[in-house]
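Q: pasting the sequence and the predicted model now:
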Amino acid sequence: EPEVTQTPSHQVTQMGQEVILRCVPISNHLYFYWYRQILGQKVEFLVSFYNNEISEKSEIFDDQFSVERPDGSNFTLKIRSTKLEDSAMYFCASSGGWSGTANEQFFGPGTRLTVL
Amino acid sequence: QKEVEQNSGPLSVPEGAIASLNCTYSDRVSQSFFWYRQYSGKSPELIMSIYSNGDKEDGRFTAQLNKASQYVSLLIRDSQPSDSATYLCAVLPLNNQGGKLIFGQGTELSVKP
């Protein structure tokens, strides 16, 4: 069964460093998302991406964050200068569309980011 | 601010019983509703989606939607210890061109053998 994959599973970094989280969405999906979940809190939307453009972003997704689809399979989230409060699980998701059952979003296993 | 509310639990049921999980949402025009299961330390796993008022059944799971009351629920029949997890309700508002899911805080379910 097709699935979303993410690497690395765990990333430890020093405050102020740049990190890139990688995702491979389900192959025939066209809509990609990043969410994060701080320990013990809700899953929060960060950004959605379609047709090589950001479709929507939350207020969390400030200038320190960027997303890219560098090739036909990968989707990345970059955090330019990490802060302690960026420590969280980051989930990538993908869907086939935005309407009807195509808008079901399937999540990857997540990357646990720890900022020291 | 669009909100999705769930009782955080924990909800404890004996094995074989029916577990009932509830969710309310604030955006009256929301159109798409999802239930995800999240085991501790893992990612959300889609269980059910529901779009129309009424019931939708899939195996031991039944999702119920009442748009007039802005209420969606998930019933798990014949609960098993392996169903012990946090269940997340998620809502996709109408006119959402960005696919932004709004999640509740989740209800922790514990199924006792």
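A: The structure has been received and is ready for your questions. In this text, all values refer to a predicted model and were calculated from it rather than measured experimentally.
Q: centre of chain A to the edge, which residue is at the far end?
A: A:G100 (22.9 Å; Cα atoms, centre = their mean).
Q: and the nearest residue to it once chain neighbours are set aside, how far is that from B:S40?
A: Sequence neighbours aside, B:Y51 is the residue nearest to A:G100 in space, at 7.5 Å (criterion: Cβ to Cβ, 6 or more residues apart in numbering or on different chains). Just so you know, the C-beta spots here come from the backbone N, C-alpha and C atoms, and that holds for glycine as well. To B:S40, B:Y51 is 30 Å away according to Cβ to Cβ, to the nearest Å.
Q: show the contacting residues for A:Y50.
A: A:30-32, B:99 (Cβ atoms under 8 Å, 6 or more residues apart in numbering or on different chains).
Q: now do it, the pLDDT please.
A: You'll see A:Y50 listed with a pLDDT of 93.
Q: count of residues packed around whichever residue of chain A sits closest to chain B?
A: When scored by Cβ to the nearest Cβ, chain A has A:E56 as its residue closest to chain B, at 2.4 Å. For A:E56, the tally of surrounding residues (other Cβ atoms under 10 Å in any protein chain shown) stands at 17.
Q: that one: which element?
A: Per DSSP states H and E: A:E56 is located in strand A:53-57.
Q: grab the CA positions of that strand and hand them over as CSV.
A: Output of strand A:53-57 as CSV, limited to C-alpha atoms (Å, rounded to 0.1, in the frame of the first residue of the first chain):
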residue,chain,number,x,y,z
GLU,A,53,3.4,27.0,-4.9
ILE,A,54,2.3,27.5,-1.3
SER,A,55,-1.5,27.3,-1.2
GLU,A,56,-2.0,28.3,2.4
LYS,A,57,0.2,28.9,5.4
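Q: flag every buried residue along the helix or strand following that strand.
A: Using DSSP H and E, the helix or strand that follows strand A:53-57 towards the C-terminus is strand A:65-68. Buried positions in strand A:65-68, judged by neighbour count with 16 or more other Cβ atoms under 10 Å in any protein chain shown: A:65, A:67.
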